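Student: sequence below, structure please.
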Amino acid sequence: MRTIGFLIQKEFLQIFRNRTLLPIMFVAPIIQMLVLVFAANMNMRDIDFCVFDEDGSLTSTRLISKFEGSPFFVSAGNVGSYGVAEDMLQRGKVDLVIRISDGMERELINRGSTGVQFMVDGINSAAAVLTAAYAQNILMGFNKNLQPKFASSHIPEGGPPGIKVVYSHWYNPELDFKIYMVPGILVILVTLVGWILASFNIVREKELGTIEQVNVTPIRKHHFIIGKLVPFWIIAMFELAFGLLLGKLIFHIPILGSLGLLFAFSGLYLIVALSIGLFISTVSQTQQQVMFVSFFFLLTFILMSGIFTPVESMPKWAGIFNYFNPIAYFMRVIRMIVLKGSGFSDVSQDFLFIAIFGAIMLLLATWRYRKRA
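Tutor: Okay, here's the model as predicted:
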């Protein structure tokens, strides 16, 4: 233990003497968290739309005013022809074109039904689906207000019979996307701090030549790996605690579960992330090699982890892949504990998998490090 203590002390001295490394560890994650949470927002706002109104009736004017009064839509004005509307959509000046055909109000009066055409820019499929959904909700609300006016006399005063749907959104009742994104962004930042810094650590000593001085000492391989791992584990846990504090104070995330349970899982997860970083460092000879290998695995793990899209909506092979994706475990567990208040019984399987994963990666990193000059 005394040997490990000296190695940990040495690592902390090296870390705090590196003036380039300190801002990367402590300042950059804070800035990234504050920026990314607002930038990585799947809620649609300021959807530009234009209207091609061939009817020009009072009913069509009221429908247009519904869109203009919505907080989600921004009007780009009315256009005089279908060709102009299509051209605006093709050039990306609007995201939605509303076409109201001639005789819409007359058809409502005579037939009781009519149609309105929505043309949505579908380049971004997620944005297109949300745009269409918002537009349909506005149209449904407008249609409900029209029913008493154009309905036949046999419909009762209370309106036509039907099933009333009342939504209750658990864990995020306001559907605030920031509440969902803060834990996910925090997972990525903690992973980057631990994984990247640990992976560059041994390679940097190889390039500077200081690794040779360590290799001629009588310390054992597991002493060396533990001495390298513990300082960055402590720093990453501090980053997690500070990130949760910022999330609570700035973004008002509801920390419903046990912080002790969250930090216990985070500690196990960081052993996995740091061990992977150290393993990559032991098989690489230059920092450039470390950068490319880490970039490949990190980008794949992050995009497959469910940070933006649910894992359940991915193909079956992607779900199988995520059994070997440590970031996916942490992404799921931190959201369950923080937002749902889940207990140990709810995440016990994740604990088991991540503990096994951590033991395997730590043994691989220790085995792969060759104590030689």
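Student: next SSE after the helix or strand bottoming out on mean pLDDT in the chain?
Tutor: When each helix and strand of the chain is scored by mean pLDDT, DSSP states H and E, helix 210-215 comes last, with a mean of 68. Next along the chain after helix 210-215, taking DSSP states H and E as the criterion, comes helix 221-250.
Student: tell me the secondary structure at the residue positioned nearest the centre of the chain.
Tutor: Per C-alpha atoms, centre = their mean, the C-alpha nearest to the average position across the chain is that of residue 307, at 3.3 Å. Following DSSP: H, G, I helix; E, B strand; the rest coil, the label given to residue 307 is coil.
Student: please shift the residue numbers so they start at 5 in all later answers.
Tutor: That works, and once the first residue is 5, the last one we named lands at residue 311.
Student: how about it, nearest residue that isn't a chain neighbour?
Tutor: residue 188 (4.6 Å; C-beta to C-beta, 6 or more residues apart in numbering). (Each C-beta comes from the backbone N, C-alpha and C, glycine too.)
Student: how much space separates the one you found from residue 310?
Tutor: For residue 188, the distance to residue 310 (C-beta to C-beta, to the nearest Å) stands at 8 Å.
Student: repeat for residue 65
Tutor: 44 Å.
Student: what about those two, which has more around it?
Tutor: Neighbour count, other C-beta atoms under 10 Å: between residue 65 and residue 310, residue 310 has more, with 21 against 14.
Student: wait, what's in contact with the residue nearest to the more buried one when sequence neighbours are not counted?
Tutor: Once flanking residues are discounted, residue 310 sits nearest to residue 335: 5.3 Å by C-beta to C-beta, 6+ apart. Residue 335 makes contact with 187-188, 191, 309-311, according to C-beta atoms under 8 Å, 6 or more residues apart in numbering.
Student: pretty sure residue 80 contacts residue 98?
Tutor: Yes. Between residue 80 and residue 98 there is a contact under C-beta atoms under 8 Å: 5.2 Å.
Student: quick one, which of the two is more surrounded?
Tutor: Ranked by neighbour count (other C-beta under 10 Å), residue 80 and residue 98 place residue 98 first, with 25 against 17.
Student: give me the phi and psi for that one.
Tutor: When read as degrees, to the nearest 10, the backbone of residue 98 gives phi -130, psi 160.
Student: can you check residue 123 too?
Tutor: Torsion angles, degrees, to the nearest 10, at residue 123: phi -110, psi 120.
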